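Chemist: Need the 3D shape of this:
(one chain, ligands or ions: 1)
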Amino acid sequence: MSGQIPIVDYLVLGDDPHLVATTCTACGARYFDRRNACASCGATEFAPAEVEREGEVRAFTIVAFAAPGVPVPFVAAVVDCGGTSVRANIINTDPDPDHVELGMKVRLATYSLGTDDDGTEAIGFGFEPSTNASTNAPTNLTTEG
Ligand SMILES: [Zn+2]
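Modeler: Purely as a prediction, here's the structure:
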């Protein structure tokens with residue numbers, strides 16, 4: 001059997017990959033890790049919520065030194081996706097200040113992390129500049145779905 005598995009369990013693959021946040025049903029705070037209680041209000045009820053795929057860069061760091069085996073430099077960022085802060089790398093662009101800036105429009109992108117002996121592919125995610133796509137699909141506001 002071959003297939004794809006997401007590198008984190010809040011990444012949902014398929015035809016339309018997206019992130020799912022754990023959302024506090026009492027105050028709406030969103031988390032990507034498992035919580036026993038909400039850090040904002042202490043409530044213990046959570047529900048999954050789909051996170052917007054498009055966002056804006058709120059903060060970023062160009063990482064020049066990392067653990068052995070991690071290619072550098074890369075861009076570590078916080079992306080605001082419709083009010084949900086997502087920590088992810090900015091990918092598919094040059095990792096330098098000429099190509100990454102605060103407020104830059106980005107969108108979710110997935111990439112292969114490699115395939116194991118059984119043919120199962122691990123999939124990671126990052127955000128890529130959304131301007132790349134708008135050049136070949138101008139003002140396509142009515143995509144299906
Ligand atoms: Zn809460």
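
Chemist: low-confidence ranges in this structure?
Modeler: Within the chain, the segments meeting pLDDT under 70 span 1-2, 132-145.

Chemist: Report the beta-bridge partners for the residue nearest the centre of it.
Modeler: Central residue of the chain (Cα atoms, centre = their mean): residue 126, 4.6 Å from the mean position. Residue 126 has these beta-bridge partners by DSSP bridges: residue 109.

Chemist: For it, give me its contacts.
Modeler: If a contact means Cβ atoms under 8 Å, 6 or more residues apart in numbering, then residue 126 has 88-92, 108-109, 111 as its contacts. Bear in mind the C-beta positions are built from the backbone N, C-alpha and C, glycine included.

Chemist: Check which helix or strand the nearest residue to residue 112 once chain neighbours are set aside maps to.
Modeler: Distances taken as Cβ to Cβ, 6 or more residues apart in numbering place residue 121 nearest to residue 112, at 5.6 Å, with adjacent residues excluded. For residue 121, the host element (DSSP states H and E) is strand 120-129.

Chemist: Looking only at that strand, what residues are buried by neighbour count?
Modeler: For strand 120-129, burial by neighbour count (16 or more other Cβ atoms under 10 Å) applies to 123-129.

Chemist: okay, now residue 10: neighbour count?
Modeler: 18 (other Cβ atoms under 10 Å).

Chemist: and what of the one 10 residues further on?
Modeler: Summarising burial for residue 20: neighbours were counted as other Cβ under 10 Å, giving 15.

Chemist: Spell out which residues of this protein are next to the ion.
Modeler: 24, 26-27, 29, 38, 40-41, 43 (Cβ under 5 Å from the ion).

Chemist: Closest one of these to residue 79?
Modeler: Of all these, residue 29 has the smallest distance to residue 79: 17.3 Å, by Cβ to Cβ.

Chemist: Thank you kindly, that will do.
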